[in-house]
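# Structure here, sequence nowhere to be found:
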């Protein structure tokens, strides 16, 4: 029998360092004086996670002149903010195993959010992290009640307009007592993410509330991800686009973000649990 929401959140809270290298990394990152070398030493105890980070650091989005097999270099290339988000996702994966589609969605929104943040003169690394974590609530809900959440998804295929977004929110609250945005924010609050990242995650569907540059970036990244499966003829009249963008610009950016996500996933080892293809 699948766990209840409260039971799963308890599991999430109680993932230990011995169960997840991601949990160990998050504990280390609470120490502001921790060095990259110390972090790398802890991660090296988990060859699978080490390879995962190196694979992502060698993806087209991060790769510099040469590929690297040196873990500290990979960590520096990714940045501590991205390392923190990837570590958090390993904890989500521990309690609610992620599918390929979960990772592709997370990365698509992360890359779209990062690109928009640069346009809005916001920290692109924070936008990437919040975008990567934005769908943790959906993943948990789908794990708790797969058939119930499938009904929500089947009735709400187009998430690029306000009416559908409100319908999803209402159905989630009726089924779980909370919507997926605020559930994800609650999970990341328990992992000590910064208040601005938590707020951006909480409001990535609440466009009237997402007024600061980081929240606008993540909300915009989610909108872009919604556009990528739509044909121009199917665009709704109340289509929601990122601030300051027309449909052609938005579609181009959505395709770019999706391409980067697929390239990142394609580089990873198929035997690994993180970023599986």
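Done, it's in. Predicted, not measured: the structure shown is a model, and the values here were computed from it. Numbering: from 1, shown residues only.
# Residue 24 sits in which helix or strand?
Using DSSP states H and E, residue 24 maps to helix 21-29.
# tell me what the helix or strand just after that helix is packed against?
The helix or strand immediately downstream of helix 21-29 is helix 36-43, counting by DSSP H and E. Packed against helix 36-43 by the contact rule (3 or more CB pairs under 8 Å, 6 or more residues apart in numbering; DSSP states H and E) you find helix 21-29, helix 47-57, helix 71-78. To be clear about C-beta, it is placed using only N, CA and C from the backbone, and glycine gets the same treatment.
# Next, the angle helix 47-57 makes with helix 36-43.
For helix 36-43 against helix 47-57, the angle between stretch directions is 130 degrees (axes from the mean of the first three to the mean of the last three CA atoms, to 10 degrees).
# Show me what the helix holding residue 24 is in contact with.
Contacts to helix 21-29, defined as CB atoms under 8 Å, 6 or more residues apart in numbering, come from residues 15-17, 34, 38-39, 42-43, 45-46, 49, 80, 83-84, 86-91, 94, 191-192.
# filter those to the buried ones?
15, 39, 42-43, 46, 49, 80, 83-84, 86-91, 94, 191 (16 or more other CB atoms under 10 Å).
# Can you tell me which of these end up in helices?
39, 42-43, 49, 80, 83-84, 86-91, 94 (DSSP state H).
# ok, which stretches of this protein are strands?
Here the chain has no strands by DSSP state E.
# just for it, where's the confidence low?
Along the chain, segments meeting pLDDT under 70 span 1-2, 63-65, 156-160, 228-241, 267-277.
# show me what contacts the residue most central in space within it?
For the chain, residue 132 is the residue whose C-alpha lies nearest the centre (CA atoms, centre = their mean; 1.9 Å). Going by CB under 8 Å, 6+ apart, residue 132 touches 82, 85, 86, 89, 106, 107, 109, 110.
# which residues does the second one contact?
When contacts are counted by CB under 8 Å, 6+ apart, residue 85 is found next to 110, 128, 129, 130, 132, 133.
# Counting neighbours, what do you get for the residue nearest to it when sequence neighbours are not counted?
Nearest non-adjacent residue to residue 85, counting by CB to CB, 6 or more residues apart in numbering: residue 129, 3.9 Å away. Counted with other CB atoms under 10 Å, residues neighbouring residue 129 total 31.
# can you check the one 4 residues further on too?
Neighbourhood size, residue 133 [other CB under 10 Å]: 30.
# ok, now residue 252?
With other CB under 10 Å as criterion, residue 252 counts 12.
# swap in residue 245?
17.
# Could you report the neighbour count for the nearest residue to it once chain neighbours are set aside?
Of all residues not flanking residue 245 in the chain, residue 253 sits nearest, at 7.3 Å (CB to CB, 6+ apart). As a burial measure, residue 253 scores 22 neighbours (other CB under 10 Å).
# Just confirm residue 253 contacts residue 225, I think it does.
No. Residue 253 lies out of contact with residue 225 (CB atoms under 8 Å); the separation is 10.4 Å.
# Spit out the residues that contact these two alike.
residue 112.
# quick one, what contacts residue 45?
Listed by CB under 8 Å, 6+ apart, the contact set of residue 45 reads residue 21.
# I'd like to know the phi and psi angles of it, please.
phi -70, psi -20 (degrees, to the nearest 10).
# and if you look at residue 30?
Backbone torsions for residue 30, taken as degrees, to the nearest 10, come to phi -70, psi -20.
# measure the nearest residue to residue 105 once chain neighbours are set aside to residue 202 for me?
Among residues not flanking residue 105 along the chain, residue 135 sits closest, at 5.5 Å (CB to CB, 6+ apart). Distance of residue 135 to residue 202, given as CB to CB, to the nearest Å: 13 Å.
# Settle it for me: which of these two has more neighbours?
Set residue 135 next to residue 202 and count neighbours by other CB under 10 Å: residue 135 wins out with 28 against 25.
# List the contacts of the more buried one.
Contacts of residue 135 by CB under 8 Å, 6+ apart are 102, 105, 106, 109, 180, 184.
# For those residues, which entry has the maximal number of neighbours?
Within the contacts of residue 135, most neighbours by other CB under 10 Å means residue 109, with 31 neighbours.
# Noted, bye for now.
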